[in-house]
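[1] could you look at this predicted model? Sequence included:
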Amino acid sequence: MCQTCGCGATAGTKVETITVLENLLAENDRLAGHVRRHFDDHGVFAINVMSSPGAGKTSLLEATIQALSKDLRIGVIEGDLETENDADRIRRHGVPAAQITTGVACHLDARMVHDALETMPLAELDLLFIENVGNLVCPADFDIGTHANVVLLSVTEGDDKPEKYPVIFRAADLVLLTKTDLLPYLEEFDPARAEASMVKVRGQGAPLRLSGKTGAGLDAWTGWLKAQVAENRGLHPKDGKPHEHEHEHEHEHGHGHAHTHAPGA
C-alpha cells in the first residue's frame, strides 16, 4: 500500500480518510506551485511523463534525447520504487539525470521532485522530463509542478485502457500511442478502437502514434516539444542570471519555512 496517498487504505472512518487526503493534496499543491515557479525562474519547460509499467517511457526519452540533442538542452528525473537503472540509461546519452526511489510509494509527489532538483543544473536546461512511477492511477492525482502531462498507451496493453482509467487520460495534454512497430504481431489490439476510446474519454483528438524503436512518428512528437519550449521561452525567457532557490525545510514542529540561499549555497 502507498503510504503517501493512502491507496488501498481501509483503516479509519470515511470522513477521517477524506480529511487526511484533502490536507495531503492541499500541501502537495502548495509545494507544486513552488516547484513550478522555480522552473519558470530558470526558463525550463517541465513535462510529467506517465504510463503503465513497461509502456516505453524510458525508451521514448532515449530516442527523444538523440533526436533533439542539437536543438535543446534536456534533463531527466526518473521515478521508480527501486534501482537507478533508468537514470543510468539516460546518463549514457550525456544528459543530466536524477533518480528518485520511492520505496513503497506508487507515484511521485511535489516534495520528491523539489528535493531532486537540488542536483539538476536548471540554468543549463531548456526541457526537463520527469518520468513518473509506472502506474495509471495515483500519479494523475498529484501535481508535481510540471507545465504539461504526457501519457503513454502501449499497443501491448488493452485498447480499452482509456475508459478503464479515465482520470489520467483526461489529465493529459498529449497522449502517445507507443510501440506501434509491434502492431503487426498484436491482432487483438485495434488502434482505431483505442483512439475512439481516448476521444470518448478526453473529448478531443486522437493520440500521436509513434515507435521509439523505428522512429516512426518521432518527428511529430519532437515538433510538439519544440513548440512547447518555444512558447515557454516567450513567457519565461532565460536571462543568463543566477537565480536564488527557496528551500523548504522541515522543523520539529512539523511546519516548513522557506529560506533563501545565495547561488551555489
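    Looks like it came in fine. Numbers count the residues shown, from 1 in each chain.
[2] nearest residue to Phe169 other than its sequence neighbours?
    Excluding the flanking residues, the one nearest Phe169 by Cβ to Cβ, 6 or more residues apart in numbering is Pro162, at 4.5 Å. Glycine gets a C-beta too; all of them are placed from N, C-alpha and C.
[3] correct me if wrong: the one you found contacts Leu136.
    No. Using Cβ atoms under 8 Å, Pro162 is not in contact with Leu136, being 9.7 Å away.
[4] need the helices for the stretch 151-265 of the chain, in chain order.
    Secondary structure of the stretch 151-265 of the chain (DSSP state H, counting those that start in this stretch): helices at 161-164, 166-170, 191-202, 218-235.
[5] what about the longest helix along the chain, average pLDDT?
    The residue-count maximum for a helix in the chain (DSSP state H) belongs to helix 14-41. Averaging pLDDT along helix 14-41 yields 83.
[6] same check, this time on stretch 74-87
    For stretch 74-87, the mean pLDDT works out to 97.
[7] burial of Leu122, as a residue count?
    Leu122 is flanked by 20 other residues according to other Cβ atoms under 10 Å.
[8] minimum distance to Met112: which of the helices of the stretch 151-265 of the chain has it?
    helix 166-170 (18.3 Å; Cβ to Cβ).
[9] hang on, the earlier thing: who's more crowded, Pro162 and Leu136?
    Taking neighbours as other Cβ under 10 Å, Pro162 and Leu136 compare with Pro162 leading, 26 against 22.
[10] make JSON lines from the helices of the stretch 151-265 of the chain and add mean pLDDT and distance to Leu68 to it.
    As requested, the helices of the stretch 151-265 of the chain are exported to JSON lines (pLDDT from 0 to 100; distance: least, Cβ to Cβ, whole Å):
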{"stretch": "helix 161-164", "mean pLDDT": "96", "distance to Leu68": "28"}
{"stretch": "helix 166-170", "mean pLDDT": "96", "distance to Leu68": "25"}
{"stretch": "helix 191-202", "mean pLDDT": "93", "distance to Leu68": "25"}
{"stretch": "helix 218-235", "mean pLDDT": "97", "distance to Leu68": "6"}
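[11] ok, for Leu108, nearest residue in space, not its chain neighbours?
    Leu108's closest residue in space is Gly79 (Cβ to Cβ, 6+ apart), at 4.5 Å.
[12] next, count neighbours for that neighbour.
    Counted with other Cβ under 10 Å, residues neighbouring Gly79 total 30.
[13] that one is in what secondary structure piece?
    Element membership for Gly79 (DSSP states H and E) is strand 74-80.
[14] buried sites along the very next helix or strand once past that strand?
    Downstream of strand 74-80, the next assigned helix or strand under DSSP H and E is helix 85-91. Neighbour counts over helix 85-91 (16 or more other Cβ atoms under 10 Å) mark 86-87, 89-91 as buried.
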